[in-house]
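Novice: When you get a sec, could you give me coordinates for this:
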Amino acid sequence: MSETRPAFSYTGTVPAVSANALGQAKVWSDLNEVCDLLHIPAAVTSDEYHFQHVQFKAGQRIHTIGQPFDTLYIVYSGFLKTVMFDELGNEQVLGFPMKGDMFGIDGIHAGIYTTETMTLTNCDVILVPFKTFSMLSRTYPEMEASIFGVVSRELLREHAMISHLGSLSAEARVARFLVRLSDRFTEMGYSGKQFNLRMTRHEIGNYLGLTLETVSRTLSAFNAIGLISVDQRTIVIHDLGALKTMRRLPLSSHARAKAEAAKAAQRAVSATEAAATV
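Specialist: Numbers count the residues shown, from 1 in each chain. Below is the predicted model of the structure:
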């Protein structure tokens, strides 16, 4: 990585909250490094294009809703969340960008960002000015196809989660979420069997369409039947295959007995009411 200022640098708009972080940015990535991070072929060997890294502290916003669009962002390290808000100001979590993910693509259509992305941990983010991307696309058509492939990949991830929200039980949603995290950590070269949750249980629930209590109860149930071990934010996966095929939690013998007792009680009440009407 070069520490000197290259020909192509970031000149777009950055939220005021990020001004301090901008002053800390000293690292640049060339086009080949960016392509490696995105897992796309580096069709260009030119050293002409370099992209600025910006360090953000946990809790900072990278871009805000309504901000003019001029930049695509790539996560070099750290964890973030992308959100939008309803008319009452309630937050809806749309995703958790991590290393190798591109975000900010929602601004391409309307020329403004329609979502907001903020950091969950300290992050290093690469800035890709859209003007530079457009210039690359005109000069190297194969690069345009590769970048659109990355955009499509992000959209497919969102669509997969939407389909899960509509068709899966609460237990299956949490299980799929853990499986996806496991896969992503493995892709990044980390352990897919033991990792820390960088998001809160409330944020996980918001993302999955569940309450905080449901997420906590489901993780505890997975822990109780040996699928995972949970220690605050640390997750250890013991049976990844079972998580991948999870439909609903099996009833324990105690829970099954309790359910049967409730049904028997209801049948007795119904019989009493029927006798009283004779």
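
Novice: and the residue nearest the centre of the chain, how far is that from Thr119?
Specialist: Most central in the chain under C-alpha atoms, centre = their mean is Phe96, positioned 2.1 Å from the mean C-alpha point. Distance from Phe96 to Thr119, counting by C-beta to C-beta, to the nearest Å: 11 Å. Where you see a C-beta, it was placed from the backbone N, CA and C, and this is true even at glycine.

Novice: Common neighbours of the two, please.
Specialist: Between them, Phe96 and Thr119 share these contacting residues under C-beta atoms under 8 Å, 6 or more residues apart in numbering: 79-80.

Novice: hmm, back to that, report the separation between the residue nearest to the centre of the chain and Gln232.
Specialist: When Phe96 is compared with Gln232 (using C-beta to C-beta), they lie 18 Å apart.

Novice: same question, Thr214
Specialist: For Thr214, the distance to Gln232 - C-beta to C-beta - is 18 Å.

Novice: Just want to know which of these two has more residues nearby.
Specialist: Thr214 (18 against 7; other C-beta atoms under 10 Å).

Novice: Val179 contacts Thr245, correct?
Specialist: No: contact status for Val179 versus Thr245: not in contact, 9.9 Å apart, counting by C-beta atoms under 8 Å.

Novice: So between these two, which is more surrounded?
Specialist: Comparing Val179 with Thr245 by other C-beta under 10 Å, the one with more neighbours is Val179, at 18 against 11.

Novice: Which positions within stretch 177-190 qualify as buried?
Specialist: 177-179, 181-182, 184-185 (16 or more other C-beta atoms under 10 Å).

Novice: Tyr73: which of the residues you listed is nearest?
Specialist: Arg184 (17.3 Å; C-beta to C-beta).

Novice: ok, that closest one touching Gly95?
Specialist: No: the pair Arg184 and Gly95 does not pass the contact test of C-beta under 8 Å, sitting 11.4 Å apart.

Novice: which regions of the protein lie under the pLDDT threshold?
Specialist: Counting by pLDDT under 70, the chain has low-confidence residues at 1-26, 43-46, 159, 161, 163-164, 250-265, 268-269, 271-278.

Novice: hey, where'd the strands end up in the stretch 101-250 of the chain?
Specialist: 102-103, 116-119, 123-129, 194-196, 228-231, 234-237 (DSSP state E, counting those that start in this stretch).

Novice: Inside helices: which ones of the buried residues of stretch 177-190?
Specialist: 177-179, 181-182, 184-185 (DSSP state H).

Novice: In space, what's closest to the residue nearest to the centre of the chain - neighbours in sequence excluded?
Specialist: Excluding the flanking residues, the one nearest Phe96 by C-beta to C-beta, 6 or more residues apart in numbering is Lys81, at 5.4 Å.

Novice: and the one you found, what is it in contact with?
Specialist: Counting by C-beta under 8 Å, 6+ apart, Lys81 touches 93, 95-97, 117-118, 120, 199, 203.

Novice: Excluding sequence neighbours, find me the nearest residue to Tyr73.
Specialist: Gly104 is the one closest to Tyr73 (C-beta to C-beta, 6+ apart), at 4.7 Å.

Novice: Trp28 versus Gln194, what's the distance?
Specialist: Distance from Gln194 to Trp28, by C-beta to C-beta: 33 Å.

Novice: Please identify which of these two sits among more neighbours.
Specialist: Trp28 (20 against 14).

Novice: Give me the distance between the closest residue to that one other than its chain neighbours and Leu31.
Specialist: Leaving aside its sequence neighbours, Trp28 sits nearest to His50 (C-beta to C-beta, 6+ apart; 4.5 Å). In this view, His50 and Leu31 are 8 Å apart by C-beta to C-beta.
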